[in-house]
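S.K.: any chance you could fold what I've pasted below:
(3 chains)
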Amino acid sequence: MTTTQDRPAVAKEIGQERRRKEDQRLITGRTRWTDNIVLPGMLHMAMVRSPFAHAKITSIDKSAAEASPNVVSVLTGADLGESQGVLINAWAITTDQVTPTHLPCPIDKVSFAGEIVAVVVARTQAEARDAAELVDVEYEELPAALDLKKSANDEVLAHPDLGTNKSAFWKFDSLEAGTGSSIDEAIEKARTDGVVIEREYRQQRLIPAFMEPRSTVVDPTGEQITMWSATQVPHILRFALAATTGVSESKIRVIAPDVGGGFGGKLQTTPEEWLTFAIANRLGKPVKFTETRSESLMVAHHGRDQWQKLTLAADKEGNVLGLKVDLLADLGAYVSLVGGGVPVLGAFMFNAIYKFPAYQFNCQTVLTNKTWTDAYRGAGRPEATFGIERMMSELAAELDMDPLELREKNWIKHEEFPFTTVAGLEYDTGNYEAATALAREMFGYDDLRAEQKRRRDAGDKVQLGIGISTFTEMCGLAPSRVLGQLNYGAGGWEHASVRMLATGKVEVVTGASAHGQGHETAFSQIVADRLGVAFDDVEVLHGDTQIAHKGLDTYGSRSLVVGGEALVKAADKVVEKAKPVAAHLLEASVDDIEFEGGRFTVRGTDQGLAIGEIAAAMFSAHDYPEGMEPSLDSEATFDPVNFNYPHGTHLCAMEVDTETGAVKMRKYVCVDDIGTVINPLIVSGQIHGGLVQGIAQALWEEAVYDDAGTLVSGSFVDYLLPTAADTMNYEIDHTSTPSITNTLGTKGVGEAGTIASTPAVVNAVVDAVRHLGVNDIQMPCTPERVWKAVNGVGAGGEASTEGAAAAHFDPATGMEGTTDRTTGGTQA
Amino acid sequence: MAKISLTVDGAKVSDDVEPRTTLVQYLREKLGKTGTVVGCDTSNCGACTVHLDGTSVKSCNVLAVQVDGASVTTIEGLAKDGQLHPVQESFRNCHGLQCGYCTPGMIMQSVALLEENPDPTEEEIRLGLEGNLCRCTGYQNIVKAVQEAAGTRAGASTAGAVAEEMDS
Amino acid sequence: MIPAPFEYLAPTTVEDALAALAEHGEDAKILGGGQSLLPVLRMRLNAPEMVIDLGKIESIRGIRDDGDAIVIGAMTTHAAVGSDPLVAEHAALVSRAVDHLADAQIRHRGTFGGALAHADPAGDLGAPALALGAQFVIAGPGGTRTVAADDFFIDLFETAIGEDEILTEVRIPKHTGWGAHYEKFVRVAHQWPIVAVAAAVRVEGGVIAEARVGLTNMGNTPLRARSVEEALVGVQATEDAVREAAGKAADGTNPPSDLNGQASYRKHLATVLTRRAVVTAAGG
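M.R.: Model (predicted):
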């Protein structure tokens, strides 16, 4: 017998399209972004950044800057020395990982364009910027390691003192792990009497491009040092500051106020934060740093950037036999907080929903003289899903099978769950058949296939393609023991507390740290149901280490499935504590007390008390059971035993204009199984936004560097985010097989859309022109690449964009690069 | 320094500003109108959109000295007497925002769009918002919010009824 | 971002503006609508000591009918041009191009003259102005002169406007009854065109009697595709018939190579877009 129900008897709130509690402030401008914070005597910082990707700093002349009006201080790496602390890598993926020391402001050498070489502190932001232009830095330029493949061969060293660019090699082999058979034998067998598909795919470098540029304010006055920062990870930030600066953790308070998006991009401990902290402490004054968009695109961490060499073995009937993955992953100049761990997160996902007998994953992480990379929405899993879903479509084409049929032949059937995969994960629940059937119907799959055939037969200028992505992902980072096995530097639990206030209101504190996800609303719905209180009576607090003293923050689709479960456990403890109090006040036996819909009642009678009444009684504490503390407040720390595995079927129809290479989305349908849905409105938003980010990788976004290592897509003029006019309405629906790894049955949703959509779109574009001899088009599928692929004047797998941005604003310097208007530039 | 006097969200203000001060900087730093935000430096993102003498502009792309004598409305002046503007209401009702950073600009541009074209098609809405970037929503619910505010969306009344029920 | 410091003047007459320009010479920069200048200043790509704002000069704002031409004051906003019935009737090509220029907020603030004087070869107004044979009225210390469109665009960001001169208005010969279309090719909506084609045609009985074609972003200046224009005369206004003439669109052009495409691709695009622009303009 369990004393509390596994599920609330009355689910009044869960599943409702509650309008968000957060929105009133956000739609009226009553917001508190970090850059809004102004403190008495506050100083402003501006950064002097390296224009070179790799150079020795030979001299820095600060005198003119120091003499500039209202400049308080100009500091270099040498001036700051050890006081600046150091930036950490929390996940050395191998014990012998090569990890360069990462000073926030290096002393004698810069390792990527945009790295900070000096900091100007002035009374206003304008004056700091004026003076920053006067700092005269002389460099001796060094050869830069820029191309990933060349860098992997150590042709030019990003950090000559390390002797190699190879940071770590990480391998998983199903034969060695005992989770499957030999990959070599599988490929050998397929070469003899089956098919082997070999492809190389590029995961281009992306920029998270959250809308709020990063900002940090540090106030060193008072006993505690307070840092406000536009971060996803206030708790990790506090720990890392304490660990690297020698300041006691309890003397540091980190607040993430309103945070304008992250998508992994704010899952970082940054040079800018460390310098603001060090300089505020040094000067004893509050200091602010807010980056410009140009700075943000240039130096805030980037994502993806892999080469994937894939070998898929199958028999002639289309049964998969094995998958071999060889990855090169670009770390950039330093190993960031999660850094090399991002591709490793993909290691468990290349096999996806399919029953591969044999699997091998090899990943080499490589240092280059580019901006460091780290998590971007999906982190490792979009890359893996892209690889396998492209390969399954290629296999189908090779065998002349319907790509959906081929997938069904190989996927895990719903009755086979729980299923242990060849990568060693146990998928708890799922029903790929159900999601696919619904998606197929919504999409009108057969009709679109018929139309595609008509257009092909007629030789239409505009061809139609259908792309499929049947994805799963592991989310809810993460079981701490699993992280331990992977050598990750922290756990994956989450903390929550529930405080029963005297007024009957409920204060919920979570260690998750929202930046747009709507935690206040969704968590209120969960607690309202669990405790039987009104939605509006629940207040959710987060994002301040002094209020939420314990937590591991928000990333990896973990807030609901880990943080939400911590909340459930804390709420259940409140009910458990309240029960004997109810029995005492109702003069009944505890065994006769029942709890439902917020009321404790004596079985078989109409006597009862609301949970709020008990909270009030415990506040006054005039009459409560002997041996009890006068408090119902409870907390819980939840550590999941497994990831959870949302999945779905995404179907995309793309029209390709073969005359220009322009592509246009015709229809996009997705059916996601994310288990129990707490708030369908919030879920729809997560899916829409996720889809567009994934579609944008397929079609528009790419961080392009020139030969000198300068980011040329360094503004929103050239780093192409889609607008409302470039997107459409996506048809979304759900099937549900509740997860059994948490009480609520939820699965993560934050990254699903992004993970699934990229291969669906590229598969559709390739499908539209496959009959013209095309089997790949490199991302982003620009009109030029598509046109060249179709016309055979450049294989789709080759880069064809120029490493130069057009000048639009200024004849002399252009925006950030120069256009070569006479001859072709070199390939990026 | 130059002296400027103008009306912002219905209040008369007067200040000395450096000519290089942009309107958004003036709103945020001098007036504390921090509801209006800066998202880029190339005037692509539209987060700083305000109304200047009745039309939408990007306030990063206007100098404070240029608005001497003008009337400016920001997101903070849109609600009247505690009553949300219908577009604010529809953004909430349709979940047209997540992190909320683009929201002030997105709402101000949507209001301007509907003033110029009270009965827009979906395509006109999408094109009308091409100067505003959002990274969270995928725009779908933003477009829906503008449609709802315009009263052109079939079923808008149903959604409203649901909201009413939920709030009761 | 914050511009470097500068002084600011807002004269109320063209004469005062010219005097200010004469006084400050090359240290001064003219501010029209500011939609290109302000980003330049914010990013500190340019740091003039003096900014002369033309925004208070009423005489160079507005649109009027001047017999055989429509006259657009340099400080008329794109929004005003786009919604003007005179422009729509007599210079429809300009209306089409303005409709999709930048975005709504920029169109509210940016000016017709400012964009043309900025002379970005990827700007949307140069090609229609060239195609329609616009005349640029330029005021200077010695009085006013008029420059033909063919002589106005000199090079990247360079026009016939002298350092001591100001563009005051643009005269666009009436093309009443002509079909017009501006075919703009972009990857995302808020981009400058990768290539665009401005086409105006006069069709008589299903046959093209006269054609004007301008190209955007196919060289250091907007270009007029005269060989296409000539080849179109007497051609049926159908896709197949137009194809051959449109195939000449890239002849003699020298387009840029950049992130959005190599020169060779742009040359190909120009031919396809020209065909589409002409066919659409002709009502096909």
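S.K.: and the residue nearest to residue B:34 when sequence neighbours are not counted, how far from residue B:35?
M.R.: Nearest non-adjacent residue to residue B:34, counting by Cβ to Cβ, 6 or more residues apart in numbering or on different chains: residue A:36, 3.9 Å away. C-beta here means a position set from N, CA and C on the backbone, and glycine is covered the same way. Here the criterion is Cβ to Cβ, to the nearest Å. By it, residue A:36 lies 9 Å from residue B:35.
S.K.: where along chain B do the helices fall?
M.R.: Ranges of helices within chain B are B:23-25, B:86-93, B:103-116, B:122-128, B:140-150, B:156-167, based on DSSP state H.
S.K.: so the third one versus helix B:86-93, what angle?
M.R.: Which is helix B:103-116. 130 degrees (axes from the mean of the first three to the mean of the last three Cα atoms, to 10 degrees).
S.K.: give me the neighbour count for residue C:12.
M.R.: For residue C:12, the count of nearby residues is 13 (other Cβ atoms under 10 Å in any protein chain shown).
S.K.: need the contact list for it.
M.R.: C:56-58 (Cβ atoms under 8 Å, 6 or more residues apart in numbering or on different chains).
S.K.: now do residue C:120
M.R.: A:808, C:36, C:126, C:157, C:192.
S.K.: chain neighbours aside, what residue packs nearest to the residue nearest the centre of chain B?
M.R.: Within chain B, one residue has its C-alpha closest to the average C-alpha position: by Cα atoms, centre = their mean, that is residue B:108, at 1.8 Å. Among residues not flanking residue B:108 along the chain, residue B:49 sits closest, at 4.4 Å (Cβ to Cβ, 6+ apart).
S.K.: what's the domain layout of the chain?
M.R.: As the question left the chain open, I've gone with chain A. A:34-142+A:213-259+A:266-299, A:493-638 (automatic domain parsing).
S.K.: wait, chain C
M.R.: Listed by automatic domain parsing, the domain ranges of chain C are C:7-53, C:58-173, C:179-281.
S.K.: do you know which of those lies nearest residue B:113?
M.R.: Across the domains of chain C, residue B:113 has its closest neighbour in domain C:58-173 (6.8 Å, Cβ to Cβ).
S.K.: pull the distance from the strand or helix carrying residue C:240 to the chain's centre.
M.R.: Here residue C:240 sits within helix C:239-246, counting by DSSP states H and E. Centroid separation between helix C:239-246 and its chain, computed with Cα atoms, centre = their mean, to the nearest Å, is 26 Å.
S.K.: does whichever helix or strand comes after that helix come close to chain A?
M.R.: Using DSSP H and E, the helix or strand that follows helix C:239-246 towards the C-terminus is helix C:263-281. Yes: residues of helix C:263-281 contacting chain A under Cβ under 8 Å from any Cβ of the partner chain: C:263, C:265, C:268-269, C:272-273.
S.K.: nearest to chain B among the residues you listed?
M.R.: Checking these against chain B with Cβ to the nearest Cβ, the nearest one is residue C:273 at 19.4 Å.
S.K.: quick one: residues contacting that closest one.
M.R.: By Cβ under 8 Å, 6+ apart, the residues touching residue C:273 are A:660, C:183, C:185, C:195-197, C:249.
S.K.: for residue A:327, same thing?
M.R.: Residue A:327 touches A:306-309, A:343, A:346, A:361-364, A:383, counting by Cβ under 8 Å, 6+ apart.
S.K.: cutoff 7 Å now
M.R.: The neighbours of residue A:327, taking Cβ atoms under 7 Å, 6 or more residues apart in numbering or on different chains as the test, are A:306, A:308, A:343, A:362-364.
S.K.: phi and psi next, for the nearest residue to residue A:726 once chain neighbours are set aside.
M.R.: Spatial nearest neighbour of residue A:726, chain neighbours left out: residue C:188 (4.9 Å); criterion: Cβ to Cβ, 6+ apart. The phi and psi torsions at residue C:188 (degrees, to the nearest 10) take the values phi -130, psi 160.
S.K.: same thing with residue A:181?
M.R.: According to degrees, to the nearest 10, residue A:181 has phi -100, psi -170.
S.K.: if it is in a bridge, with which residues?
M.R.: Judged by DSSP bridges, the bridge partners of residue A:181 are residue A:358.
S.K.: for chain B, which residue gets nearest to chain C?
M.R.: Counting by Cβ to the nearest Cβ, chain B gets nearest chain C through residue B:131, at 2.7 Å.
S.K.: so what's that residue up against?
M.R.: Residue B:131 neighbours (Cβ under 7 Å, 6+ apart): B:46, B:109, C:103-106, C:190.
S.K.: can you tell me which of those are up against chain A?
M.R.: Among the contacts of residue B:131, the ones lying near chain A by Cβ under 7 Å from any Cβ of the partner chain are residue C:190.
S.K.: now stretch A:712-726 - C-alpha only, CSV.
M.R.: The C-alpha trace of stretch A:712-726 is given here as CSV (Å, rounded to 0.1, in the frame of the first residue of the first chain):
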residue,chain,number,x,y,z
VAL,A,712,32.1,36.8,-41.7
SER,A,713,28.6,35.9,-40.7
GLY,A,714,29.1,38.1,-37.7
SER,A,715,25.8,40.1,-37.7
PHE,A,716,22.2,39.4,-38.3
VAL,A,717,22.7,40.7,-41.9
ASP,A,718,24.7,37.6,-42.7
TYR,A,719,23.9,35.1,-40.0
LEU,A,720,20.4,34.4,-41.3
LEU,A,721,17.7,33.9,-38.8
PRO,A,722,14.3,33.2,-40.4
THR,A,723,11.5,35.7,-39.9
ALA,A,724,7.8,35.3,-39.8
ALA,A,725,7.8,35.7,-43.5
ASP,A,726,10.1,32.8,-44.0
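S.K.: give the buried residues for it.
M.R.: For stretch A:712-726, burial by neighbour count (16 or more other Cβ atoms under 10 Å in any protein chain shown) applies to A:712-726.
S.K.: now for those: which two are most distant?
M.R.: A:712 and A:724 (26.1 Å).
S.K.: what about the nearest residue to residue A:489 once chain neighbours are set aside, distance to residue A:331?
M.R.: The shortest distance from residue A:489 to any non-neighbouring residue, by Cβ to Cβ, 6+ apart, is to residue A:90 (3.8 Å). Remark: distance between residue A:90 and residue A:331 (Cβ to Cβ) = 14 Å.
S.K.: so for the two, which residue has more residues nearby?
M.R.: Regarding residue A:90 and residue A:331, a neighbour count based on other Cβ under 10 Å identifies residue A:331 as having more, with 30 against 17.
S.K.: just the closest residue of the stretch 51-200 of chain A to chain B, please.
M.R.: residue A:126 (7.2 Å).
S.K.: list the residues that contact that residue.
M.R.: Contacts of residue A:126 (Cβ under 7 Å, 6+ apart): residue C:2.
S.K.: give me the phi and psi for it.
M.R.: Residue torsions, per degrees, to the nearest 10, at residue A:126 are phi -60, psi -40.
S.K.: can you pull the phi/psi pair for residue C:124?
M.R.: Dihedral angles (degrees, to the nearest 10) for residue C:124: phi -80, psi -10.
S.K.: quick check: it vs chain A, distance?
M.R.: 12 Å (Cβ to the nearest Cβ, to the nearest Å).
S.K.: check contacts around the closest residue to chain B within the stretch 51-200 of chain C.
M.R.: In the stretch 51-200 of chain C, no residue comes nearer to chain B than residue C:103, which is 2.7 Å away by Cβ to the nearest Cβ. Listed by Cβ under 7 Å, 6+ apart, the contact partners of residue C:103 are B:130-131, C:190.
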